[in-house]
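A.B. asks: sharing a model that was predicted from the sequence below.
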Amino acid sequence: MTTISKPSKETHDTPGKKPRKQEAASSPMEQLTTYLKGVRSEWAKVSWPTWPQIWGQTIVVLVMVSVVTLCLFALDYTFHFIISSITPHRS
């Protein structure tokens, strides 16, 4: 008579997921060092804009802020004019 053993959880991992590494408890200083090394490696992957791109985008932002400011001013003035012409003036 043969017995069939149940598969252990270690051999039955979820498909598509990598098993986690068992790491020994490390000191806070080692954790900080590891974190900063990761930050440094990610920092190297950043694509920085050129100065002309920065200036161009800055100009676009300033123009858009000016346009929105003028539109809000025009709406405020229009609503103020409409409401002041409808409501009676108090002395």
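C.D. replies: Right, received. Where do you want to start?

A.B. asks: which stretches of the chain have low pLDDT?
C.D. replies: For the chain, the stretches flagged by pLDDT under 70 are 1-25, 91.

A.B. asks: now the helices for the protein?
C.D. replies: Assigned by DSSP state H, the helices in the chain fall at 28-44, 51-86.

A.B. asks: okay, those helices in a markdown table with mean neighbour count next?
C.D. replies: The C-beta positions use only the backbone N, C-alpha and C, and glycine is treated the same way. Shown next, in a markdown table, are those (neighbours: other C-beta atoms under 10 Å):
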| stretch | mean neighbour count |
| --- | --- |
| helix 28-44 | 10 |
| helix 51-86 | 10 |
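
A.B. asks: residue closest to the middle of this protein?
C.D. replies: Nearest residue to the geometric centre of the chain (C-alpha atoms, centre = their mean): residue 46, 14.5 Å.

A.B. asks: how far away is it from residue 39?
C.D. replies: Look at residue 46 and residue 39: by C-beta to C-beta, to the nearest Å, they are 11 Å apart.

A.B. asks: next: residue 69.
C.D. replies: According to C-beta to C-beta, residue 69 and residue 39 sit 38 Å apart.

A.B. asks: and residue 63, by the same measure?
C.D. replies: Separation of residue 63 from residue 39 (C-beta to C-beta) stands at 35 Å.

A.B. asks: before we move on, what about residue 84?
C.D. replies: Applying C-beta to C-beta to residue 84 and residue 39 gives a distance of 57 Å.

A.B. asks: do residue 75 as well
C.D. replies: Between residue 75 and residue 39 the computed distance is 46 Å (C-beta to C-beta).

A.B. asks: what does residue 58 give?
C.D. replies: 27 Å.

A.B. asks: got it, and residue 83?
C.D. replies: Counting by C-beta to C-beta, the gap between residue 83 and residue 39 amounts to 55 Å.
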